[in-house]
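Student: What follows is a predicted structure for the sequence shown.
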Amino acid sequence: MTAPLALSARLSRIGAASVLTAAAVTVPALLPGAAQQAGAATLAAKALGVAASKQGSPYQWGAAGPNRFDCSGLTLYSFRQAGRKLPRTAAAQYGSTTHVAASARRAGDLVFFHSGSSSSSVYHVGIYAGGGEIWHAPKTGARVRLERIWTRSVWYGRV
């Protein structure tokens, strides 16, 4: 196995969270001013891991964990477990994040589904997992799951 292939195989076994954690520890020492970005990456990786760990939990309107969730309840719970407090509703969470372009989105960013041009049109939220997918609590009768983003009517926010 060539060195790049060996490294690639090793990274896929380690997992994204470990890579982000390693970057959070290493990058600040190498690049002045990178500590804040590394801290945000670690926070996002932790929240993403919490959301993924809730796979299969049932949806319940108004629930914010630890065993049942609605969409904003899952994001609130995930980031709270990672060490950051978010507001309760999807629209309020959108208002509390740093808005980022789709081209700049990263795993752990929040994905806000909207039906108009104002923040009051936000109706759903999930956590971006990469590859065009989100972890979310979709609707009554469904369970927390990883799913492909199904519309272009989304905005991204970084916690």
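Tutor: Looks like it came in fine. Numbering: from 1, shown residues only.

Student: Could I get the contacting residues of the nearest residue to Ala90 once chain neighbours are set aside?
Tutor: Once flanking residues are discounted, Ala90 sits nearest to Val125: 4.0 Å by CB to CB, 6 or more residues apart in numbering. C-beta coordinates here come from the backbone N, C-alpha and C atoms, glycine included. If a contact means CB atoms under 8 Å, 6 or more residues apart in numbering, then Val125 has Cys71, Ser72, Thr75, Ala90, Gln93, Tyr94, Leu110, Val111, Phe112, Phe113, His136 as its contacts.

Student: now, which of those lie within strands?
Tutor: The strands, defined by DSSP state E, take in Leu110, Val111, Phe112, Phe113, His136 from the contacts of Val125.

Student: Need the residues you listed in a markdown table (columns: distance to Ala41).
Tutor: Converted to a markdown table, the ones in strands among the contacts of Val125 look like this (distance: CB to CB, whole Å):
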| residue | distance to Ala41 |
| --- | --- |
| Leu110 | 15 |
| Val111 | 17 |
| Phe112 | 20 |
| Phe113 | 24 |
| His136 | 21 |
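
Student: so where's the protein uncertain?
Tutor: 1-40 (pLDDT under 70).

Student: Thr89 - how many residues pack around it?
Tutor: Here the count is done by other CB atoms under 10 Å, and Thr89 has 16 residues near it.

Student: and it, how far is that from Ser120?
Tutor: The gap separating Thr89 from Ser120 is 10 Å, by CB to CB, to the nearest Å.

Student: where exactly do the strands run in the chain?
Tutor: In the chain, the segments counted as strands under DSSP E are 98-100, 110-114, 122-130, 133-136, 145-148, 154-158.

Student: Report the beta-bridge partner residues of the nearest residue to Val100 once chain neighbours are set aside.
Tutor: Of all residues not flanking Val100 in the chain, Tyr156 sits nearest, at 4.8 Å (CB to CB, 6+ apart). Taking DSSP bridges as the rule, Tyr156 bridges to Val100, Val111.

Student: Right, I'll call it a day here.
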